[in-house]
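**Q** okay, sequence plus prediction incoming.
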Amino acid sequence: MSFSEPMPLHLVALFARTAQKCRRAVTESVAHLDLTESRWRVMIHMSLLGEGCTQQMVAESLEIEMPSLTRTIKQLETTGLIKRVTDDNDKRSRLLYFTDMGKGRMNDIESTLMALRDEVYAGVSDEELRTMAKCVQKIEANAAKLLESFK
């Protein structure tokens, strides 16, 4: 490979800065919905995984520890956006569902993100986005393989 960076892993630092700015933009965009970053991220991952997903599935999807997730889940439950139901097949496991209010809030999040996406991706063609997504997925897979080799 002959790709040259001005500093080692400069591209990785650029990914991190970009991700941070995008997360902050989403947090600011959904602030009127009374959602913190941890709350909207949990709701989005629940939506992606599908209702009836477990807390463990959400923790793995977010790559966070269960105690951090449990706090956020309790907050979402207290505000009436989600409900936890004990899994009939495994009493230790809790399944997550959106309440009616939570479904409405999730619709608000999704419409807000659609508008935000247009602004964030302004000037970038669909082809460029597809190429970038493929490249980032390959880099992520390589990093995951590397992490596995350290175990």
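**A** Here it is on my side, so go on.

**Q** show me where this structure has strands.
**A** For the chain, strands defined by DSSP state E occupy the ranges 53-54, 82-87, 90-98.

**Q** buried sites along stretch 81-99?
**A** Under the neighbour-count criterion of 16 or more other C-beta atoms under 10 Å, stretch 81-99 has Leu81, Ile82, Arg84, Arg94, Leu95, Leu96, Phe98 buried. All C-beta atoms are positioned from the backbone trio N, CA, C, and that covers glycine.

**Q** and which of those residues is nearest Asp34?
**A** Nearest to Asp34, judged by C-beta to C-beta, of the buried residues of stretch 81-99 is Leu81 at 9.8 Å.

**Q** mind checking pLDDT for the residue lying closest to Arg84 once chain neighbours are set aside?
**A** Leaving aside its sequence neighbours, Arg84 sits nearest to Arg94 (C-beta to C-beta, 6 or more residues apart in numbering; 4.3 Å). Arg94 is assigned 90 on the pLDDT scale.

**Q** and what of the one 10 residues further on?
**A** Per-residue confidence at Gly104 stands at 97 (pLDDT).

**Q** Cys53 versus that one, what's the distance?
**A** 19 Å (C-beta to C-beta, to the nearest Å).

**Q** same question for Ala141.
**A** Ala141 sits 23 Å away from Cys53, going by C-beta to C-beta.

**Q** neighbour count winner among the two?
**A** Cys53 (18 against 10; other C-beta atoms under 10 Å).

**Q** the residue nearest to Arg84 is in contact with Thr54, isn't it?
**A** Yes. Taking C-beta atoms under 8 Å as the definition, Arg94 is a contact partner of Thr54 at 6.6 Å.
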